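Asker: How does the following fold in three dimensions:
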Amino acid sequence: MARGHSLLAYALTRMALAVPMLLILLTAVFIILRILPGDPVLALWGGHTPPPEVVEAARQQLGLDKPWYVQYWNYMTDFLQGKFGISIGEQYRGTPVWNQISQRLPATIELSIGSMFVATVVGVGAGIVAGSRRDTWVDVAIRLYGTIVWVIPIFWLGLIFQLIFGVWLHWLPPQGRWTGTDIPRGVTGMYTVDALLEGNLAHFWKATQHLILPSLTLGLVLSGFFTKTVRANMLQTVTADYSDAARARGVPERRVITRHAFRNALVPVVTVLGLQFAILFAGAVLTERTFSIEGIGQLLLTSITSKDMTMIQGVVVVYASIIVVISLVVDILGAMIDPRIRL
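Answerer: Numbering: from 1, shown residues only. You can find the predicted model right below:
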């Protein structure tokens, strides 16, 4: 009972601390977007200079004529009410920002989950093997893999995969999320999940085929960092006193590694996995551009090009909210694994 109460208190404390963290991130977004060079009002006319009265009318409509503290108050209250404003860019002008984000967010989440799965399976698995076989040829090969794959540009690796598996071998679709008009209909917007919900395995396999190459691209690059992190922690726990004590009791080496060494190395690994999952959303920008996936990363790039301040603000706020939520989940998972964290 005390253990559950301690975990609950820790979780509530972390949730309370997440609120000011989110407020700080939102404030940073507000400040940065207003000190960047360029005038979003003038961008509405594609670089042409309209009459002054037209510019002033546009500023009043967007609320940019008000003092900065009034703009900040309106910005925060609109966010708390779920209002992200109306797009002022050339491509999405006049459409609600949240409508554009909500249509594209499932694609980015689906890509991030697929990439995280690849990075975790490959990176954690390789790190365990390398850490348990220190200074062998296997360890050297895995360390070399982790170093090389971590510095490979995402867009370059994506183009290579497209060329080999999409163009030469014709094994997988080289771009996009779907081919054809029979898109799975559902509530999540993630084609793999919606295909399973409708019980259509053919649609699920089709959606998975489109997801494999971008997930491999982003996941393999990230797996290099996971490999190095897991290996470093495994080297410490494999030679720790509790591992030696388990060996002295006659525990097989495989159980020493899986039950003692890896379990104690899991806390920092979980922290790294969670934080890197948040970074995945940033890496998804390049991956979405390379594979022509209409996610919020692609939306952000388009908005920056057209100086669509309200759309940029909405996308960055969504990114910030996701990072805060993931950080909160990581903290709670770490406390569940290691009770010492919540003491």
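Asker: residue contacts, Gly82?
Answerer: Residues in contact with Gly82 (CB atoms under 8 Å, 6 or more residues apart in numbering) are Trp98. (Glycine included, C-beta is placed from N, CA and C.)
Asker: By mean pLDDT, point me to the weakest helix or strand of this structure.
Answerer: Ranking every helix and strand in the chain by mean pLDDT, DSSP states H and E puts helix 40-43 at the bottom, with a mean of 67.
Asker: now for the following helix or strand past it, which elements pack on it?
Answerer: Per DSSP states H and E, helix 40-43 leads on to helix 52-62 as the next helix or strand towards the C-terminus. Applying 3 or more CB pairs under 8 Å, 6 or more residues apart in numbering; DSSP states H and E, one finds that helix 52-62 contacts helix 40-43.
Asker: and the residue nearest to Leu211 when sequence neighbours are not counted, what does it touch?
Answerer: If the residues on either side of it in the chain are set aside, Leu211 comes closest to Gly114, at 5.0 Å by CB to CB, 6 or more residues apart in numbering. Residues near Gly114 by CB under 8 Å, 6+ apart: Leu211, Ile212, Pro214, Ser215, Gly219.
Asker: And what about Gly114, helix, strand or coil?
Answerer: Secondary structure assignment for Gly114 (DSSP: H, G, I helix; E, B strand; the rest coil): helix.
Asker: Got phi/psi on Gly180?
Answerer: Torsion angles at Gly180 (phi, psi; degrees, to the nearest 10) stand at phi 100, psi -180.
Asker: got it, and the one 10 residues further on?
Answerer: Note on Met190: backbone dihedrals following degrees, to the nearest 10 are phi -90, psi 120.
Asker: burial measure for it, as a count.
Answerer: When neighbours are counted by other CB atoms under 10 Å, Met190 registers 24.
Asker: State the distance from it to Leu105.
Answerer: 10 Å (CB to CB, to the nearest Å).
Asker: shouldn't Arg177 be in contact with Ala107?
Answerer: Yes - using CB atoms under 8 Å, Arg177 is in contact with Ala107, at 6.0 Å.
Asker: and for those two, which residues touch both?
Answerer: What both Arg177 and Ala107 touch, as defined by CB under 8 Å, 6+ apart, is the set Ile293, Glu294.
Asker: Could you list which residues are in contact with the most centrally placed residue in the chain?
Answerer: In the chain, the residue lying closest to the centroid (CA atoms, centre = their mean) is Phe281, at 2.7 Å. The contact partners of Phe281, taken as CB under 8 Å, 6+ apart, are Thr108, Ser112, Ile296, Gly297, Tyr319, Ile322, Ile323.
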